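Peer 1: predicted model and sequence below, questions to follow.
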Amino acid sequence: MTNFDMTLMYAMHNALRRELEHLAKATAREDDDPRRVLAAAAGWELFKISLHAHHTAEDEALWPVLRETLADRPDDLALLDAMEAEHAAIDPLIEAIDTGTEPMGELVDALATNLTTHLAHEEKEALPLMDVTLTLEQFQHFGQVHAVRVGPNGPRVFPWLLDGADGATEAALLAVLPAPARAAFEAEWQPAYKALTRWPTH
């Protein structure tokens, strides 16, 4: 992996952690039904779009490549099994938050616990493994799959990803965009994102 690749992974993880904090606050409100609040919250929609794109891209373009390369290393294969199992545990929680009848606080706590634990596990063990195993071409393919999974939501997801990022992270991620996309980011994507009320404010 290149420095850019690592920057992208950490930026996504940090954005997801950031939104979990907003989710907890939004669903802790006592003056409204939390499922109704989330159904109208652009922040929840962007969280789900971004998380699904990220995890689907990993499931399709990272774990299978690593499995093939590490076929004779059972400890590393066990780590990949854990990554996939952790992914699989998250989607049902999101579905239950949207449509279930369980207490919202318990579901949000479970989502936050499962996701933050997974992100920390990935950063501690899986990212270093990727760093020494994947070729540049393989990680570029992951980036392409990731972009396809984000698809037409890119103009919304990219400023969401950079919200609160430090200057070095923002510069590194913007540098890979084609010139027309960078111009669109400055002129259209970022202003539209800043004007968006992602989560209820009171």
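Peer 2: In hand now; what should we look at?
Peer 1: from now on I want contacts and neighbour counts done on CA atoms only, so please keep to that.
Peer 2: Noted.
Peer 1: show me what contacts the residue sitting nearest the centre point of the chain?
Peer 2: The chain has Leu51 as the residue nearest its centroid, 3.8 Å off, counting by CA atoms, centre = their mean. By CA atoms under 8 Å, 6 or more residues apart in numbering, Leu51 lies in contact with Leu16.
Peer 1: next: Ala71.
Peer 2: The contact partners of Ala71, taken as CA under 8 Å, 6+ apart, are Leu77.
Peer 1: against Gln144, how distant is it?
Peer 2: 24 Å (CA to CA, to the nearest Å).
Peer 1: same deal with Ala165?
Peer 2: Distance from Ala165 to Gln144, by CA to CA: 22 Å.
Peer 1: got it, and Thr135?
Peer 2: From Thr135 across to Gln144, the span is 14 Å (CA to CA).
Peer 1: same check, this time on Ile49
Peer 2: Noted for Ile49: a distance of 16 Å to Gln144, by CA to CA.
Peer 1: now Pro178
Peer 2: Between Pro178 and Gln144 the distance is 14 Å, computed by CA to CA.
Peer 1: quick one: which of the two has more around it?
Peer 2: Neighbour count, other CA atoms under 10 Å: between Pro178 and Gln144, Gln144 has more, with 14 against 10.
Peer 1: tell me what whatever helix or strand Ala88 lives in is packed against?
Peer 2: Assessed by DSSP states H and E, Ala88 sits inside helix 74-99. Packing contacts for helix 74-99, counted by 3 or more CA pairs under 8 Å, 6 or more residues apart in numbering; DSSP states H and E, involve helix 34-39, helix 63-69, helix 104-121.
Peer 1: which of those helices sits closest to Thr7?
Peer 2: Closest to Thr7 of the helices and strands packed on helix 74-99 is helix 104-121 (CA to CA; 14.2 Å).
Peer 1: what residue ranges in this structure score low on pLDDT?
Peer 2: 1-4, 202 (pLDDT under 70).
Peer 1: buried sites along stretch 35-55?
Peer 2: 35, 38, 41, 43-44, 46-47, 49-55 (16 or more other CA atoms under 10 Å).
Peer 1: and what of stretch 143-160?
Peer 2: Using 16+ other CA under 10 Å as the test for burial, stretch 143-160 gives 143, 145-147, 149-150, 154-160.
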